[in-house]
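Asker: Attaching a predicted model along with its sequence, questions to come.
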Amino acid sequence: MKTIGILLAAATLFLAGCGTTQPIHNVQNSPIILPPGKTVNMQQVTTAIMRAGTRLGWQMQPEGPGRLSGRIALRSHTAVIDVEHDTKQYSIKYRDSTNLDARDGMIHRNYNGWIQNLDKNIRAELTLL
């Protein structure tokens, strides 16, 4: 009986790992790291974020001071995000999607990969300032 319980637990974990949905990944207050003595202004940060998104296929639009929206469409999937920033930090937040199974704080795992890539590209662009 103990062996059957262990096998059932292992099978459950395996099947859970095969699922296509994950918790929605938001980037919260990621610090903008600059060399000592270096300062940047809001426009430089906005430009770096827009450049990072555009290079990955996101359509980036300013929404106001320190606020941008991003939209990406791949095949039949669409994701919309909000990016907020100042000169010290930035955040990427889920806004909406189509065909990504978003429900109850969960979303298709591809979305999280897109956000992780965008976050990585934003950090790379900010290091060039």
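Answerer: Structure received.
Asker: Low-confidence ranges, the chain, go.
Answerer: 1-18 (pLDDT under 70).
Asker: For it, just list every one of the helices.
Answerer: Counting by DSSP state H, one finds helices in the chain at the ranges 2-17, 42-55, 109-127.
Asker: What lies in contact with stretch 105-112?
Answerer: Contacts with stretch 105-112, where a contact means C-beta atoms under 8 Å, 6 or more residues apart in numbering, come from 20-25, 77, 79, 94, 97, 100-102. C-beta: built from backbone N, CA, C; applies to glycine.
Asker: Just put those in TSV and tack on distance to residue 124 and neighbour count.
Answerer: Listed next are the contacts of stretch 105-112 as TSV, based on distance: C-beta to C-beta, whole Å; neighbours: other C-beta atoms under 10 Å:
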residue	distance to residue 124	neighbour count
20	28	11
21	28	17
22	24	15
23	25	11
24	23	17
25	18	16
77	24	16
79	21	24
94	22	19
97	25	19
100	25	23
101	30	13
102	27	17
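Asker: and residue 96, bridged to which residues?
Answerer: Applying DSSP bridges to residue 96 gives these bridge partners: residue 80.
Asker: how close does it sit to residue 72?
Answerer: Distance, residue 96 to residue 72, by C-beta to C-beta, to the nearest Å: 12 Å.
Asker: before we move on, back to that, mark which of the contacts of stretch 105-112 are part of strands, please.
Answerer: 21, 22, 23, 77, 79, 94, 97 (DSSP state E).
Asker: farthest-separated two in the residues you listed?
Answerer: Maximum pairwise distance among those (C-beta to C-beta): 18.0 Å, between 23 and 77.
Asker: ok, so of the ones in strands among the contacts of stretch 105-112, who is nearest residue 55?
Answerer: residue 79 (16.4 Å).
Asker: you'd agree that closest one is up against residue 57?
Answerer: No. With contact defined as C-beta atoms under 8 Å, residue 79 does not reach residue 57; the gap is 10.9 Å.
Asker: And residue 100, how far from residue 123?
Answerer: 24 Å.
Asker: any idea how far the residue nearest the centre of the chain is from residue 38?
Answerer: In the chain, the centroid-proximal residue (C-alpha atoms, centre = their mean) is residue 115; its distance is 2.3 Å. Separation of residue 115 from residue 38 (C-beta to C-beta): 27 Å.
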